[in-house]
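*Asks:* Sequence and computational prediction follow.
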Amino acid sequence: MVELATLSYLIAIVSGWVLAHVIKYAIDVAKRPPQTKREKIFRSGGMPSAHVMTAASLWTVILLKDGVTSGLFGVMSLFILIVAHDAVRVRRSSGEQGAALTALIDESKSKIPHPIVAKGHTVLEVAVGWALGILVGLGVFYALGA
């Protein structure tokens, strides 16, 4: 039988992802009139970054279980930096370009269908996701006695 402590990596991932989307959904409901639940739960962007929060949860558990000198921690550190950079730079830039294209299509009264615009994250959304992910990782690690 597998002990919960050995599942701490997966529990950190699932906990970080679910909690990020619960927080994101609650913030959305408070800020805007209700849309469809599917749109609110699975939309891109928003506070906090679910990708960074999930990665930070796992990063924290790996740090606490395996230590700063482990190869796994090194790989996870690279991974979370790539995820954070992508959220702020690449995905945000793509979202801004999509919004600009949509505005141009509207302005020109073209019949070209609007592109799907997937918003990225601000630095604040990524930082909050990272901080909350660390808290989730700490909670998982200490709750499971890992």
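*Replies:* Great, that's in hand.
*Asks:* Quick one: mean pLDDT for whichever strand or helix holds residue 132?
*Replies:* In this assignment (DSSP states H and E), residue 132 forms part of helix 123-143. Average pLDDT, helix 123-143: 94.
*Asks:* Pull the distance from it to the chain's centre.
*Replies:* Computed by C-alpha atoms, centre = their mean, to the nearest Å, the separation of helix 123-143 from the middle of its chain amounts to 11 Å.
*Asks:* Now do that helix: which elements does it pack against?
*Replies:* helix 8-31, helix 50-66, helix 71-85 (3 or more C-beta pairs under 8 Å, 6 or more residues apart in numbering; DSSP states H and E). Any C-beta I mention is one placed from the backbone N, CA and C, and that applies to glycine too.
*Asks:* list the helices and strands the shortest one packs on?
*Replies:* Put plainly, it is helix 71-85. Using 3+ C-beta pairs under 8 Å, 6+ apart, the elements in contact with helix 71-85 are helix 50-66, helix 123-143.
*Asks:* who's in contact with the first one?
*Replies:* Contacts with helix 50-66, where a contact means C-beta atoms under 8 Å, 6 or more residues apart in numbering, come from 8-9, 12-13, 15-17, 19-21, 24, 70, 72-73, 76-77, 79-80, 83-84, 86-87, 121, 126, 129-134, 136-138, 140-141, 146.
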